[in-house]
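> Make a model of this:
(2 chains, ligands or ions: 1)
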Amino acid sequence: MNSLSLKNRRFNTADVLFTLFIVVTALVSWQKYHSFLDYYEQGILIGSVAGLCWFGWFWPAMRVFFPVCGIIALGAIELYAGDLSRGQTEFWLKYLLSSQSAVMWMCVLFFLATILYWIGLLRQSATALSIASGLTWAAAGAAMISKLVRWYESYLIGADVGHIPVSNLYEVFILFCLMTALMYLYYEAQFAAKTMGAFVLLVISAAVGFIIWYSLDRQAHEIQPLIPALQSWWMKIHVPANFVGYGSFAIASMLGVAQLLSARGILTNKLPSYDTLGEVMYKAIAVGFLFFTIATVLGAMWAADAWGGYWSWDPKETWALIVWLNYAAWLHVRLIKGWRGDILAWWAVIGLFVTTFAFIGVNMFLSGLHSYGGL
Amino acid sequence: MMTSNTHTFRRALFDLLSSMRFAISLLTLLAIASIIGTVLKQNEPYVNYRVEFGDFWFSIFEPLGLFDVYHSIWFLLILAFLVFSTCLCIWRHFPGVMREIRSYRDKASANSLRLMSHHHEINQPLEQEQVCQHLTEHGYRYRLRIDGDATLIAAKKGSWQRLGYLFTHSAIVVICIGGLMDGNLPLKVMEMLNIKTAETRNVPQSQIPEMSRLASNNLSFRGNVSLSEGSSASVVFLNSGNGYFVQELPFILKLNKFHIEHYSTGMPKLFASDIDVLDIKTGKVIQSGTIKVNHPLVVDGVAIYQASFGDGGSGLEFVQWDLLSNAKSKLAAQSQTELALTAGQANYRLEIGDLRPFNIETLDKTATTGDTSAVAVSPLQTALASAQSVQGDRNVRNLGPTIQFKVRDDRGQAVEYQNYMQPFIENDSSYFITGMRREVASAFAFTRIPLDQDMQLDAFMRFRSTILNEHLHADITKRTAAKALKAGGVSASGEAQFAEIAEGVLFQFSQGGFPAIESFLEKKVPQAERQVVAQTYLKILQSAAIDAMELAQAQAGLPVTPTDNMQYRFLMDSLVATSSLFDYGSPAILQLTGFNEVKSSGFQLTRSPGKNVVYLGSLLLIIGIFCMFYIRENRLWIRISPHSTLIAMSSNRKTDDLNREFAAHIEHLAPNQQQAPL
Ligand code: HEM
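Numbers count the residues shown, from 1 in each chain, chains lettered A, B, ... in the order given. Sure, this is the predicted structure:
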């Protein structure tokens, strides 16, 4: 992809059509529902129009992904017809579209994708690789749909129960898979380096494994109402922003692993070049750092509303700071000291452990103000 | 000489402090300190730490400020150094950055351009207009310079990238300053200078000396106060180390009503306080409103938050059963108060704790759904089945209000109780549930006392007093023996002996319940027969219980309840209860019969002038980081000489994007121009 032609791209017909589609959808929902929306929500609606249009322009694939997921989700909502129990009786819901079925499909597809990426990597088979990324797209789609449908389902349980599905560990793990997969797919396309998937999908599969255990063993998939601390619209933006961060740090670390292997002559000629891996790793961490910073600031603003202080040195906050400092240092040495190579790769890998601890470890081992799903 | 020495020394120090190496080490230190703070639970009461670590480690950790890392001197020092070094760093880079932003580097000579990694030379001059147009098209600003017979077009784009550095780094400084404004540094200093000291005693707020009070004009604070409905306060408490300070407020805060709502799952749904804010002098209402979690109320710079809730001293009505005299009496009291409790000749203090109106317990599906289908199929299948649906069928029940209280004897020994108000119903007999524990750490041991038809303890108490009353034992056992004879259980000759044994059993029981009988058996009966004898004794006791109840009823002039299954279970439960009441630890049973709830609400009040400074810093930080990563500073030079053109490009980031863009520019400017040999 030629970045110059990308930068000064004029709006082509596809862009126009997509923009029209989004705007029309927004207008329809506006005239149907605006009486129910408060100012924040109206703002969010307008903001998301702008956001989606820009995103579709920035990454053309999204011009297909979002509409398709949206339409399928709407289909599922139609099938529910306002009755949650139909999720168990209605064929399409029971086996495909109810949020839980969608999640299960997501799990399966991610596992398959992982296997195919490895086959593609080891056999150097382009077909396997393109099937793999196809599966990853499908899995991401399933994740997206499950999110949208679950959001609706939560309102079917009770008007006072309904909320955006980013409120507990189970829900955010699915979000994590979604974000990580999408960001990976972006880099895969941009650098035409599908073999990276073999490594990135490993971390996603790990998350999927956790989701399955968490759901089967702990019934964590059940939609719980929001405790007062979580009843805040900050949650809607704070949590997703965080998971862009976590996702890209995860990608970076897996690329670190790939780099370390290829530096030791393992898979060297099958993987993208050592430097490409490093480049993508840097790009991922850059994105992650930006979003993680934003998320942390949003978190502070939320805390200022919920806990009476923007910073309480609560374990989760503090670990966010630690993660942040870690990558700040990483960026310094890469950008200013001009470091390259294995040290940064190792550092990125360790970074994932730090991040993971901030993400789950804190909930498991440290008590704090974060009500947010202990295990 | 000397001076130059100090000079070089200063220089070296400056270099060190403003160096990346130093910055990174500071960041690392900060991270480590923060980790300690998260691993060690902060700001607990000091006793907890003593218990956890023992005196030795406590005496080491405490002075290091490990129990409040983030406010310890050394931690603040690290932050100060970070700010300082970042400032120096900015100071050091500022001129350079500015130069970079301004200059076009149009002094570049042909050779210096040729030395660049990205350069391209064609043996043909390009059209100046065409070049300039191309540059503007791609967002480049440029400057022309005639250099001998050649023209140098020096162009650049994205100079703002450089501002990124300034932004991020000043952001760090701004944020730290904001944090400092809201920190308790001034108070810490005053503590060190002994101008202020934390109060450690537990005394009424009004009696706390000036030394521990902070005036309402205090720049910033973050304190808590708990109010019961209808009451008001003009101070909050800031805890510091193992003591606290009293912070005066610029107004009076009054709680009118506290609301709590639950979801059908029993999870809390809403905590809200209806409050009035009164003028500190006139006492007139300035502002009133409802605060919820996530919805604080700000009154002249002080934000009021919903922090916690509890019992605010509710009116309680008890029925008190004296376990010695079996006398029944009414007792009116208030939660969270103390009163004297006299039973027989001994004096006790009754320390009433909190009333909890809701005690919602969740019983998970497997426990509740009695259907065997769940058992029949494999657990995995059940799990998969339940994974289908997002709606859990957890069933929850409200066990109703509980009251907790301590009974302290004159030797200061206390036993703690937790009594349920509602009867606990189990296969249609109902019980009064009372929990008892001797250490705070241990769990409550619950005793269930059967209730009679009118849901009262009277029948049980009648039974108890009778069966424990030695003077009545003969009477009871006569009836029992007679019955046994009628039923052919004993021969006429054996009757007297049976009565005697029965009396013995009752006697033992009245001395200490089942344990007493057991120890009696252990003393008197050889190992071999013990089992059998125990069985017989139990039978005797059980049938004696029936007669004891009949006697009790007769003495009270009440009709005798026929001994059906219900009644029999009642009696057996009564025996067990009677037995376990022997080590109840309290001279009386307190049965909660009614209450008039007064809730309390915990508020956090903060004044944080630094908040907006921090937000400003955050904004700078985000903008800065964005600039640094997503604006690339590119420079293009097109040097057009009569017979050739030299195109060179540089960027502050050596990424593939540079290669691509350079290629693209060549493509646009000099299409199908073969490259002159490098
Ligand atoms: C938590 C604190 C800090 C954070 C988050 C931070 C963040 C950053 C970031 C993200 C960059 C980007 C590199 C680039 O675009 O070139 C940077 C550059 C830099 N930082 Fe920091 N920094 C911090 C503290 C410091 C301190 C204390 C110093 C100096 C002692 C420092 C020195 C530098 C230098 C010299 C650069 C290179 C500027 C350039 O050439 O663009 N940083 N910083």
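> Please count neighbours and contacts with C-alpha atoms only from this point.
Noted.
> Verify the stated contact: B:Tyr417 with B:Gly435.
Yes: using CA atoms under 8 Å, B:Tyr417 is in contact with B:Gly435, at 5.3 Å.
> Now list whatever residues contact both of the two.
Shared contacts of B:Tyr417 and B:Gly435, defined by CA atoms under 8 Å, 6 or more residues apart in numbering or on different chains, comprise B:Phe444.
> Mind checking which of those two has more residues around it?
Set side by side, B:Tyr417 and B:Gly435 give different neighbour counts by other CA atoms under 10 Å in any protein chain shown, the larger being at B:Tyr417 (27 against 17).
> for that one, which residues make a bridge with it?
B:Phe405, B:Met436 (DSSP bridges).
> what's near enough to touch it?
Residues in contact with B:Tyr417 (CA under 8 Å, 6+ apart) are B:Gln404, B:Phe405, B:Lys406, B:Val407, B:Thr434, B:Gly435, B:Met436, B:Arg437, B:Phe444.
> distance of it from B:Gln336?
Counting by CA to CA, to the nearest Å, the separation of B:Tyr417 from B:Gln336 is 14 Å.
> So which elements touch the helix or strand encompassing B:Gly37?
Per DSSP states H and E, B:Gly37 falls inside helix B:20-39. With contacts taken as 3 or more CA pairs under 8 Å, 6 or more residues apart in numbering or on different chains; DSSP states H and E, helix B:20-39 sits against helix A:315-335, helix B:73-102.
> and that helix, is it in reach of the ligand?
Yes: shown here: helix B:20-39 in contact with the ligand (CA under 6 Å from any ligand atom) through B:Met20, B:Ala23.
> what mean pLDDT does that helix have?
The average pLDDT within helix B:20-39 is 86.
> What parts of the stretch 551-678 of chain B come near chain A?
Selection of the stretch 551-678 of chain B residues close to chain A by CA under 8 Å from any CA of the partner chain yields B:604-606, B:611, B:615, B:618, B:622, B:625-626, B:629, B:655, B:657, B:660-661, B:664.
> Return a ChimeraX selection command for the buried portion of these.
Here is the ChimeraX command that selects the buried residues among these (16 or more other CA atoms under 10 Å in any protein chain shown):
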select /B:604,605,606,611,615,618,622,625,626,629,661,664
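> Just the residues of the stretch 551-678 of chain B next to chain A: which are in helices?
Counting by DSSP state H, the part of those found in helices is B:Lys611, B:Tyr615, B:Ser618, B:Ile622, B:Ile625, B:Phe626, B:Phe629, B:Asp657, B:Arg660, B:Glu661, B:Ala664.
> among the residues you listed, which are within reach of the ligand?
With CA under 6 Å from any ligand atom as the criterion, those include B:Ile625 near the ligand.
> Just the closest of the ones in helices among the residues of the stretch 551-678 of chain B next to chain A to A:Phe66, please.
The closest of those to A:Phe66 turns out to be B:Phe626 (CA to CA; 25.7 Å).
> Report pLDDT for the closest one.
pLDDT, B:Phe626: 93.
> quick check: longest strand of chain B.
Using DSSP state E to assign secondary structure, the strand with the most residues in chain B is strand B:243-262.
> Can you list the strands that the helix or strand just after it pairs with?
Scanning forward in sequence from strand B:243-262 by DSSP H and E, the next helix or strand is strand B:268-279. Applying DSSP bridges to the sheet, strand B:268-279 is found paired with strand B:243-262 (antiparallel), strand B:285-292 (antiparallel).
> middle-most residue in chain A, spatially?
Of all residues in chain A, the one closest to the mean position by CA atoms, centre = their mean is A:Met179, 1.6 Å from it.
> which SSE is it in?
helix A:169-191.
> What are the buried residues along that helix?
A:169-185, A:187-188, A:191.
> and that helix, does that touch chain B?
No: applying CA under 8 Å from any CA, one finds helix A:169-191 separated from chain B by no less than 10.0 Å.
> where does the stretch 101-250 of chain A come near chain B, residue by residue?
With CA under 8 Å from any CA as the criterion, the stretch 101-250 of chain A meets chain B at residues A:101, A:153, A:157, A:215-217, A:219, A:221-223, A:225-229, A:231-232.
> mind running it again at 7 Å?
Proximity of the stretch 101-250 of chain A to chain B, by CA under 7 Å from any CA of the partner chain, involves residues A:Ser101, A:Ser215, A:Leu216, A:Gln219, A:His221, A:Glu222, A:Ile223, A:Ile227, A:Pro228, A:Ala229, A:Ser232.
> Pull out the buried members of those residues.
Neighbour counting by 16+ other CA under 10 Å classes A:Ser101, A:Ser215, A:Leu216, A:Gln219, A:His221, A:Glu222, A:Ile223, A:Ile227, A:Pro228, A:Ala229 among those as buried.
> Show me which of those is closest to A:Gly162.
Checking those against A:Gly162 by CA to CA gives A:Ile223 as the nearest, at 8.8 Å.
> how many other residues sit next to B:Tyr165?
20.
> Tell me if the host helix or strand of it is near the ligand.
Using DSSP H and E, B:Tyr165 sits in helix B:160-182. Yes: contact of helix B:160-182 with the ligand (CA under 6 Å from any ligand atom) involves B:Tyr165, B:Thr168, B:His169, B:Ile172.
> rewinding a little: grab the CA positions of the helix holding A:Met179 and hand them over as CSV.
Extracted in CSV, the C-alpha atoms of helix A:169-191 (Å, rounded to 0.1, in the frame of the first residue of the first chain):
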residue,chain,number,x,y,z
LEU,A,169,-14.1,-9.4,33.2
TYR,A,170,-15.9,-11.8,30.9
GLU,A,171,-17.3,-9.1,28.7
VAL,A,172,-14.0,-7.2,28.4
PHE,A,173,-12.1,-10.4,27.5
ILE,A,174,-14.3,-10.7,24.5
LEU,A,175,-13.7,-7.0,23.8
PHE,A,176,-10.0,-7.8,24.1
CYS,A,177,-10.2,-10.6,21.5
LEU,A,178,-12.1,-8.2,19.2
MET,A,179,-9.7,-5.3,19.5
THR,A,180,-6.6,-7.4,19.2
ALA,A,181,-7.9,-9.3,16.2
LEU,A,182,-9.0,-6.1,14.4
MET,A,183,-5.7,-4.3,15.0
TYR,A,184,-3.7,-7.3,14.0
LEU,A,185,-5.7,-7.6,10.7
TYR,A,186,-4.9,-3.9,10.0
TYR,A,187,-1.2,-4.5,10.3
GLU,A,188,-1.4,-7.7,8.4
ALA,A,189,-2.9,-5.9,5.5
GLN,A,190,-0.6,-2.9,5.8
PHE,A,191,2.6,-4.9,5.9
